[in-house]
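In: predicted structure and sequence below. I'll ask about it afterward.
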Amino acid sequence: MGVHFCSRSQGKTMITIRKAEDRGHANHGWLDSHHTFSFADYFDPKHTQFRALRVLNEDRVSGGQGFGLHPHRDMEIISYVVSGVLQHQDTIGNRALMKAGDVQRISAGTGIRHSEYNASPVEPVHFLQIWITPDRRGVKPDYAEKSFRAIEPGRLHLIASRTGHTNSIPIHQDAEVYVAKLTAGEAIGHHFAPHRSGWVQVIEGEIEVDVKTLGPGDGAAISGEERLGVRSVRDAHFLLFDLA
């Protein structure tokens, strides 16, 4: 799976905390990026990926800066904007301005080139860049976007899935990606089908998972759980991945 399990274990149940400060870090001046898994010049053999979750980067891009046109193949690339405005352009004709709560998905397939820039000359843009390995190669490149700005606090909202059910964006993998916002003291649960695993990534605030407190940038790998409970210690914003 690419993750070294080092925390508590009860039978086959394992929950591993990946602290924010233990992630890879690259500061290029215009880009401040933290890497949960090995990426670019950062390599850690204990943290290469988790199931189909290959990249989970937390990026902050300075005003007027960004990633120039560059290629990808055979990867499902999801961007979730936390704050600011992200400007997208690609070689299959798509242009977009993504704001806080917006989600975009690029199915790179046989090949696509795209650029992502901070649309503001002054304010930084903060977003999560997620790569999921597809379940088949060589698909036709595709792009999709949806807004989840108006999500209801206190529950999980599906933003990406294989079938695109519940108004989520379809992806080429047996994976589900959820976003949630909880006020302090709220608790929610998620059921995992047999043989599936999960990853929780905190964006803002603090949550409690298996009596472990996770803060901004912290993550947790979950295996062998049927039911996951998450409680907010203080107002929180996080992603949950349900992976085959």
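Out: Right, received. Where do you want to start?
In: quick one: contacts for the residue sitting nearest the centre point of the chain?
Out: Among the residues of the chain, the one closest to the centroid is I130, at 4.5 Å (Cα atoms, centre = their mean). If you count contacts by Cβ atoms under 8 Å, 6 or more residues apart in numbering, I130 has them with 53, 55-57, 77-80, 177. In short, each C-beta sits where N, CA and C put it, glycine included.
In: so which of these sit within strands?
Out: Counting by DSSP state E, the part of these found in strands is 53, 55-57, 77-80, 177.
In: closest one of those to G109?
Out: Among the ones in strands among the contacts of I130, I77 lies closest to G109 (Cβ to Cβ), at 10.9 Å.
In: any idea which element the closest residue to R60 other than its chain neighbours lies in?
Out: Nearest residue to R60, sequence neighbours excluded (Cβ to Cβ, 6 or more residues apart in numbering): D32, at 4.5 Å. Using DSSP states H and E, D32 maps to strand 31-35.
In: which residues does that strand contact?
Out: Residues outside strand 31-35 that contact it (Cβ under 8 Å, 6+ apart) are 20, 23-27, 42, 55-62, 65, 217.
In: can you list the strands that it pairs with?
Out: strand 24-27 (antiparallel), strand 53-61 (antiparallel) (DSSP bridges).
In: would you mind finding the most buried of the ones you listed?
Out: Counting by mean count of other Cβ atoms under 10 Å, strand 53-61 has the highest mean neighbour count of the strands paired with strand 31-35, with a mean of 22.
In: can you list contacts of it?
Out: With contacts defined as Cβ under 8 Å, 6+ apart, strand 53-61 is touched by 23, 30-37, 39, 49, 67, 75, 84, 86, 116-118, 124-133, 175, 199, 201, 203, 217, 219, 241, 243.
In: what of stretch 118-128?
Out: If you take Cβ under 8 Å, 6+ apart as the criterion, stretch 118-128 is touched by 56-66, 79-87, 97-98, 201, 203, 239.
In: and if we set it to 7 Å?
Out: Stretch 118-128 has contacts (Cβ atoms under 7 Å, 6 or more residues apart in numbering) with 56-66, 79-87, 97.
In: related to what we said a few turns ago, in JSON lines: the contacts of I130, plus distance to A184 and pLDDT.
Out: Below are the contacts of I130 laid out as JSON lines (distance: Cβ to Cβ, whole Å; pLDDT from 0 to 100):
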{"residue": "L53", "distance to A184": "28", "pLDDT": "98"}
{"residue": "V55", "distance to A184": "31", "pLDDT": "98"}
{"residue": "L56", "distance to A184": "25", "pLDDT": "99"}
{"residue": "N57", "distance to A184": "28", "pLDDT": "98"}
{"residue": "I77", "distance to A184": "33", "pLDDT": "98"}
{"residue": "I78", "distance to A184": "28", "pLDDT": "98"}
{"residue": "S79", "distance to A184": "28", "pLDDT": "98"}
{"residue": "Y80", "distance to A184": "23", "pLDDT": "98"}
{"residue": "V177", "distance to A184": "24", "pLDDT": "98"}
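In: adding distance to G164, write those out as a markdown table.
Out: Formatted as a markdown table, the contacts of I130 follow (distance: Cβ to Cβ, whole Å):
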| residue | distance to G164 |
| --- | --- |
| L53 | 19 |
| V55 | 22 |
| L56 | 22 |
| N57 | 24 |
| I77 | 16 |
| I78 | 13 |
| S79 | 17 |
| Y80 | 17 |
| V177 | 12 |
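In: alright, I will stop here.
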